[in-house]
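[1] Next comes the sequence, and after it the predicted model I'd like to discuss.
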Amino acid sequence: WILRPVNISVTAFVPIGVNALFDLIPMQHVISQYFSEIIVLLFGADLVCLTWATTGLDKRLAIKTLCCIGTSLRQQIAVWLLVATVLSIFLPNVVVCTILVPVAVSMLQFIGEENIKNSKLAVPILLAIVWGAGIGGFGSPLGGAANLVAISYLEKLTGQEFMYIDWVVRFLPLLVLVLLLNLFFLFHLPVPVKRLAGTSEYFKEMYAQKKMTAEQAASLVKSGDWVDYGWCVNTPVAVDAALAKRLPELENVNFRGGILMWVPEIFQIDDPAAHMTWNSWHMGGIERKAIAQGFSFYSPIRYSELPRYYRESPDPLDIAVFQVTPMDEHGYFNFGPSASHLGAVCEKAKKIVVEVNTNMPRCLGGMENCVHISQVTGIVEGNNPPIGQMAAAGPASEVDLKVANLVVPQIPNGACLQLGIGGMPNAIGSLIAQSDLKDLGVHTEMYVDAFVDIAKAGKITGAHKQLDKGRQVYAFGAGTQKMYDYLNDNPECM
């Protein structure tokens, strides 16, 4: 307290200076305290939490917290108080505060409370955390640095081991009483609002603020920019048309994408090679034909390494533009059937523009199948064109059928499948659907129509999969409307 005006790092070394001047005790006894288990534990907690803001983890946790706890202020107070209390029974209270406060602050900022220092809404929530940490701090020997020091001192003084359960049994009734008293007090603080800015209301307001025209989105692209153009069925349509009109004014605009389902408008401008390059991760027929025009290039990479490339490569990514589903009540835009590496793209991109298409199926997965509105720069409501479809494979040739008849008998029950596109995979899929095979699994790069037929025939359960048991796993999908309808909101597929 005396040295409050001085930085805490200076204050921390005062004992060394004082001991050096007055030689009170052996110096090694002083210095050794800086590397005690307690100090290392606190340092480790701080070090972990420092990365949260850099990676955006605090914001993601804050959004989830808001969605899970709800917008009632009393609910928020009760949950934060209870969580802080329980955690501080097992962790030092300083560690608990270090973990929870950044999440709470991010949540408050997310709902518009930018000035935390003067926010009346922040008072009860932050008090709930620090009071909860203090309350839980005496709930067990691990609850605080002071507890550990006291136990160590008592054990040395008495020569007896102080049992963990002794402490818990003696302090638990007091902990519950103090917890209830604090909860009562926090509930009755004179706060002007009883409900936080609700997720749906706040997200709708944010949506309106970020909504823009396709032309405004196109104006964000500058000469020399690297632009990610989605993947497969996510390739933009409305923004693509607007950007095609703007592109003749620009030069050296570099696009990334792949597996185009239609010819983009930017390919159809006069002399595209004078204004742009197209860099494809996986070339389809459309992109291969564009090579002859001098602006289309193949970027060689192993497909499974694409997310890592975006996260670790120093190559720039100025703006990402792609189609998505309409926003859900929690503020998320789903990538549809072609999630692929788009989660990593969103982490890397300086700006993100989503083009909403109501026809895009909502495809489930982990947390890399969507982007949150808080990460988005602009929202364009397109004309909702039909999702790009890949024509159903034609009838299998005689050769396809002969090969399929050789392959299918070699597939055992419980096998995990990957199928491609074309006559032969289609023939194999049809035979599997008609076979006696059972408990098949799916873990495939591309999801195609044949899987729908096999699944509807009851052959796919994923019962023997060791990874993602029971679920059909795919990186992206392209096919007919039958497949898109099957994937839409289907929890079996991820």
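    Okay, I see it. Residues are numbered from 1 along each chain as shown.

[2] and the longest helix for this protein?
    In the chain, with assignment by DSSP state H, the single longest helix is helix 164-187.

[3] residue ranges of the helices in the stretch 1-150 of the chain, please?
    Assigned by DSSP state H, counting those that start in this stretch, the stretch 1-150 of the chain shows helices spanning 8-12, 14-22, 27-32, 37-55, 57-69, 73-90, 93-110, 122-137, 145-158.

[4] mind checking which of those is nearest G343?
    Nearest to G343, of all the helices of the stretch 1-150 of the chain, is helix 57-69, at 11.7 Å by Cβ to Cβ. Bear in mind the C-beta positions are built from the backbone N, C-alpha and C, glycine included.

[5] Quick check: mean pLDDT of that closest one?
    Averaging pLDDT along helix 57-69 gives 69.

[6] just to revisit the earlier point, quick one: average pLDDT of the longest helix of the chain?
    The average pLDDT for helix 164-187 rounds to 84.

[7] sorry, back to before: any idea which of the helices of the stretch 1-150 of the chain gets closest to D228?
    helix 37-55 (20.0 Å).

[8] show me where this protein has strands.
    Per DSSP state E, the chain carries strands over the ranges 226-228, 253-257, 276-280, 296-298, 319-324, 332-334, 351-356, 370-372, 378-381, 416-417, 441-447, 473-477.

[9] Tell me which of these sits most buried.
    strand 319-324 (a mean of 27; mean count of other Cβ atoms under 10 Å).

[10] doesn't L220 make contact with L250?
    No - L250 lies out of contact with L220 (Cβ atoms under 8 Å); the separation is 11.7 Å.

[11] how far does the longest helix of the chain sit from the chain's center?
    36 Å (Cα atoms, centre = their mean, to the nearest Å).

[12] What helices and strands are in contact with it?
    Packing partners of helix 164-187 (3 or more Cβ pairs under 8 Å, 6 or more residues apart in numbering; DSSP states H and E): helix 73-90, helix 122-137.

[13] which outside residues touch that helix?
    74, 77-78, 81-82, 85, 124, 127-128, 131-132, 135-136, 138-141, 147, 151 (Cβ atoms under 8 Å, 6 or more residues apart in numbering).

[14] May I see the PyMOL selection of the buried members of the residues you listed?
    This is the PyMOL syntax for the buried subset of those, where burial follows 16 or more other Cβ atoms under 10 Å:
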select buried, resi 77+78+81+82+85+124+127+128+131+132+135+136+138+139+140+141+147+151
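
[15] Quick test: name the residue nearest the centre of the chain.
    M367 (4.6 Å; Cα atoms, centre = their mean).

[16] That one against C346, yeah?
    No - counting by Cβ under 8 Å, C346 is not a contact partner of M367; they are 11.1 Å apart.

[17] quick one: contacts for the closest residue to K211 other than its chain neighbours?
    Nearest residue to K211 in three dimensions, chain neighbours excluded: I379, at 4.9 Å (Cβ to Cβ, 6 or more residues apart in numbering). Remark: with contacts taken as Cβ under 8 Å, 6+ apart, I379 is in contact with 207, 210-212, 327, 353-354, 356, 373.

[18] redo that, cut-off 6 Å
    Going by Cβ atoms under 6 Å, 6 or more residues apart in numbering, I379 touches 210-211, 354.

[19] Point out where the stretch 201-350 of the chain drops to low pLDDT.
    Counting by pLDDT under 70, the stretch 201-350 of the chain has low-confidence residues at 201-202.

[20] can you pull out the helices in it?
    Here the stretch 201-350 of the chain has its helices, by DSSP H, counting those that start in this stretch, at 214-218, 238-246, 285-290, 306-312, 342-348.

[21] can I get the CA coordinates of the last one in PDB?
    Spelled out, that is helix 342-348. Taking Å, rounded to 0.1, in the frame of the first residue of the first chain, the C-alpha atoms of helix 342-348 are listed here in PDB:
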ATOM      1  CA  LEU A 342     -13.500 -21.500 -43.600                       C
ATOM      2  CA  GLY A 343     -13.100 -21.400 -39.800                       C
ATOM      3  CA  ALA A 344      -9.400 -20.900 -40.200                       C
ATOM      4  CA  VAL A 345     -10.000 -18.300 -42.900                       C
ATOM      5  CA  CYS A 346     -12.100 -16.300 -40.600                       C
ATOM      6  CA  GLU A 347      -9.400 -16.400 -37.900                       C
ATOM      7  CA  LYS A 348      -6.900 -15.000 -40.400                       C
END
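
[22] For the residue nearest to K211, give the beta-bridge partners.
    Applying DSSP bridges to I379 gives these bridge partners: K211, V354.

[23] ok, back up a step: now the residue nearest to the centre of the chain, nearest residue through space, not along the chain?
    Using Cβ to Cβ, 6+ apart, the nearest residue to M367 is G343, at 7.3 Å.
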